[in-house]
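Undergrad: everything below, folded, please.
(chains A, B, C and D)
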Protein chains: 2
Amino acid sequence: MSHNSELTGTGGDRRAPTTERRRRNRRASDNRAVTFKLPPGSRTLNQLKAACSQCSLHELCVANGLEIGDLARLDQLTQKRQRVLRHQSLYKAGMPFHAIYAVRAGFFKTEGTLGDGREQISGFQMAGELLGLDGIGEGRHLCNAVALEDSEVCVIPFAEIEAMARAIPALQQSLHRLMSRSTAHDHKLLSLLGNGTAEERVATFLLDLSHRLSQRGYAGSEFVLRMTREEIGQHLGLTLETVSRTLSRLQRQGAIRVQQRLVRLVDMDALVRTAPG
Amino acid sequence: MSHNSELTGTGGDRRAPTTERRRRNRRASDNRAVTFKLPPGSRTLNQLKAACSQCSLHELCVANGLEIGDLARLDQLTQKRQRVLRHQSLYKAGMPFHAIYAVRAGFFKTEGTLGDGREQISGFQMAGELLGLDGIGEGRHLCNAVALEDSEVCVIPFAEIEAMARAIPALQQSLHRLMSRSTAHDHKLLSLLGNGTAEERVATFLLDLSHRLSQRGYAGSEFVLRMTREEIGQHLGLTLETVSRTLSRLQRQGAIRVQQRLVRLVDMDALVRTAPG
DNA sequence: CGCACTTTTGAACAGAATCAAGTTTTGTGG
DNA sequence: CCACAAAACTTGATTCTGTTCAAAAGTGCG
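TA: Numbering: from 1, shown residues only, chains lettered A, B, ... in the order given. I've put the predicted structure just below:
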């Protein structure tokens, strides 16, 4: 598949390959957020598809646990969509915080900068995951959310979902659960960066991706990495060379099979044994 | 004050130095959570002192932003106190999650274990800070919360504060703000562990402590570390030897003055220059 | 006073970073 | 469709920061 376009999840093995998507120019500097105008007529259809009640990611996202009636109310909030082209930012550090975002399709990274050149990628977000939670506290975003492929998000105005959460206990709980899980995920990552060897970090990273892809119905044992070696390194606290070497080593050990961005987890048990915990 | 039950904050420079606190036996294995029976008669007084509306940490904690009437309602929730002796656990990984906790006095660490010996301390919590947020997602605690000195917490039943947050928007917002800030703090730490040298990590750690102590009315330029070098290392992803060496180096450079647990930040600017970001 | 714990410091070692070169892949424009 | 340029990836050699191993000194408490 040359460049597959369709706002694919991440696996590439769920939807059939589709017609080529036209590539927009995407220079590294060209990262304004862009909202697409939909062609006239498509609006209604899109709204239908868009509703939480119709969304296939339903039970992974904020809608989890809601009754049918409440789902309909949530639909009102999540009408607004925003497309973000590859290498463009959904939001940037310093921008005022108004909304959180649920990834509908595509793949994001959230990166913080350390003043000098160094950057840390706090996480990668795929379909059904939330973006922007760290902006609540200060009323402005603290990191850049950049699409790694052409993507689409649901825009969820935060004040409004807060209001709705007051009326719908299940929504409130869902929101809290997601925030808490994101914290738990961060703590695991902290532990990994604090204690893990390069091999443990990479193995854990692959298993985490695999797990999240499985949850979304993609094959967990073979997938395409949406990020570069450098970005993996910025996430795991390693250099791109070390990431590359470690992937090669895991391959030599027979745990995985790597070919550029394509990864196959050949010996899952070996990976699990390699990962700590 | 025989066994210091004077649950001191953390500075040690706010209250006058007192008579030696009698050490309870504090074997590593002796870490059950213990709720003290208060001496008869003291109950009423304590409840009064205990109320959020009377609490000096008021604006740092969940009560922040509440109006006087709502504060009174919150007081109903936060009646329950729990003392935790040094080296005992407030909760442990795996225990069912029912409540979050606000540190009223004392000092905690939250540590996760990696199966093998390795441990990561995700954070240190001082007066006014929340404990247990990472348990919401799974309904059970994911780490151990251990008191580093005799401490006291407010027990906040989570289902009840959720209910109250539905009724009091300011409380809801306060809760969300605290969760978000904890995430933001984690992300900064991630960045530090991913990119920072030992010197940058230790300098940043000292500045963070200093800042939080200042917020609480303690001197930010001189304080007593409540944790061992090993615990600092488990937090920053360093060995205790490296922590010790780094503190010595910072002292040689004239940035700080260290004498066992006592730290004085002599040249704050130098520290800030050393810390990244 | 003695014992356990904590801290400091030194010396040797190891894992990842850095520096460097070469290859493959991808994208662009003719 | 091809050629060229840029980006991404791999691999090797060397360097360096922090770890490990080890010993000794300081501190606190019974």
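Undergrad: when you work out contacts or count neighbours from here on, use the C-alpha atoms and nothing else.
TA: Fine.
Undergrad: can you get me a residue count around A:Gly217?
TA: The local packing of A:Gly217 (other CA atoms under 10 Å in any protein chain shown) involves 13 other residues.
Undergrad: per-residue pLDDT, A:Glu111?
TA: Listed pLDDT for A:Glu111 reads 97.
Undergrad: again, but for A:Gln54
TA: For A:Gln54, the model assigns a pLDDT of 89.
Undergrad: who's in contact with A:Met179?
TA: Applying CA atoms under 8 Å, 6 or more residues apart in numbering or on different chains to A:Met179 gives the contacts A:Leu133, B:Gly137, B:Met179.
Undergrad: right, and out of these, which lies closest to A:Ala170?
TA: B:Gly137 (13.3 Å; CA to CA).
Undergrad: tell me where the stretch 51-200 of chain A has strands.
TA: Along the stretch 51-200 of chain A, the stretches classed as strands by DSSP state E, counting those that start in this stretch are A:81-84, A:89-91, A:99-105, A:107-113, A:119-126, A:130-131, A:144-147, A:151-157.
Undergrad: next to DNA strand C, which bits of the stretch 101-250 of chain A? Give me the list.
TA: When proximity is defined by CA under 7 Å from any atom of the strand, the stretch 101-250 of chain A lies next to DNA strand C at A:Gly196, A:Thr197, A:Ala198, A:Glu199, A:Gly237, A:Leu238, A:Thr239, A:Glu241, A:Thr242.
Undergrad: how about the last one, what does it touch?
TA: Translated: A:Thr242. A:Ala198, A:Gly233.
Undergrad: that one should be in a strand, yeah?
TA: No. Under the criterion used here (DSSP: H, G, I helix; E, B strand; the rest coil), A:Thr242 is helix, not part of a strand.
Undergrad: quick one: pLDDT of it?
TA: pLDDT recorded at A:Thr242 is 98.
Undergrad: likewise the first one?
TA: According to the predicted model, the pLDDT of A:Gly196 comes to 97.
Undergrad: and if you look at the fourth one?
TA: Among the per-residue scores, A:Glu199 shows a pLDDT of 98.
Undergrad: was I right about it contacting A:Val272?
TA: No. Between A:Glu199 and A:Val272 there is no contact under CA atoms under 8 Å: 11.4 Å.
Undergrad: higher neighbour count, the two?
TA: Using other CA under 10 Å as the criterion, A:Glu199 and A:Val272 rank with A:Glu199 on top: 20 against 16.
Undergrad: which ones are touching that one?
TA: A:Thr246, A:Leu250, A:Thr274, A:Ala275.
Undergrad: wait, the third one sits on A:Phe205?
TA: Right, the one you point to is A:Thr274. No. In this structure, A:Thr274 is not within contact of A:Phe205 by CA under 8 Å, at 11.3 Å.
Undergrad: dump the strands of the stretch 51-200 of chain A into JSON lines; add mean neighbour count as well.
TA: Below are those laid out as JSON lines (neighbours: other CA atoms under 10 Å in any protein chain shown):
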{"stretch": "strand A:81-84", "mean neighbour count": "22"}
{"stretch": "strand A:89-91", "mean neighbour count": "23"}
{"stretch": "strand A:99-105", "mean neighbour count": "23"}
{"stretch": "strand A:107-113", "mean neighbour count": "24"}
{"stretch": "strand A:119-126", "mean neighbour count": "22"}
{"stretch": "strand A:130-131", "mean neighbour count": "23"}
{"stretch": "strand A:144-147", "mean neighbour count": "25"}
{"stretch": "strand A:151-157", "mean neighbour count": "22"}
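Undergrad: need the ones you listed in TSV with distance to A:Lys188, can you?
TA: Shown next, in TSV, are the strands of the stretch 51-200 of chain A (distance: least, CA to CA, whole Å):
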stretch	distance to A:Lys188
strand A:81-84	29
strand A:89-91	26
strand A:99-105	22
strand A:107-113	17
strand A:119-126	12
strand A:130-131	18
strand A:144-147	21
strand A:151-157	26
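Undergrad: now those strands in a markdown table, with distance to DNA strand D?
TA: Listed next are the strands of the stretch 51-200 of chain A as a markdown table, based on distance: least, CA to the nearest atom of the strand, whole Å:
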| stretch | distance to DNA strand D |
| --- | --- |
| strand A:81-84 | 17 |
| strand A:89-91 | 16 |
| strand A:99-105 | 21 |
| strand A:107-113 | 14 |
| strand A:119-126 | 15 |
| strand A:130-131 | 23 |
| strand A:144-147 | 13 |
| strand A:151-157 | 17 |
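Undergrad: returning to that earlier point: go through the contacts of A:Met179 and name the one nearest DNA strand D.
TA: Within the contacts of A:Met179, the smallest distance to DNA strand D is 27.1 Å, found for A:Leu133 (CA to the nearest atom of the strand).
Undergrad: for that closest one, the count of nearby residues, please.
TA: Neighbour count for A:Leu133, taken as other CA under 10 Å: 24.
Undergrad: now do the domain split for chain A, please.
TA: A:42-169, A:196-274 (automatic domain parsing).
Undergrad: nearest to B:Gly106, of those?
TA: B:Gly106 lies closest, by CA to CA, to one member of the domains of chain A: domain A:42-169, at 24.7 Å.
Undergrad: list the buried residues for stretch A:226-243?
TA: Buried residues in stretch A:226-243, counted by 16 or more other CA atoms under 10 Å in any protein chain shown: A:226-227, A:229-240, A:242-243.
Undergrad: quick check: end-to-end length of it?
TA: End-to-end distance of stretch A:226-243 (CA to CA, to the nearest Å): 15 Å.
Undergrad: is it positioned near DNA strand D?
TA: Yes. Counting by CA under 7 Å from any atom of the strand, DNA strand D is contacted by stretch A:226-243 at A:Met227, A:Thr228, A:Arg229, A:Glu230, A:Leu240, A:Glu241, A:Thr242, A:Val243.
Undergrad: residues contacting the last one?
TA: With contact taken as CA under 8 Å, 6+ apart, A:Val243 is in contact with A:Ala198, A:Val202, A:Arg229, A:Glu230, A:Ile232, A:Gly233.
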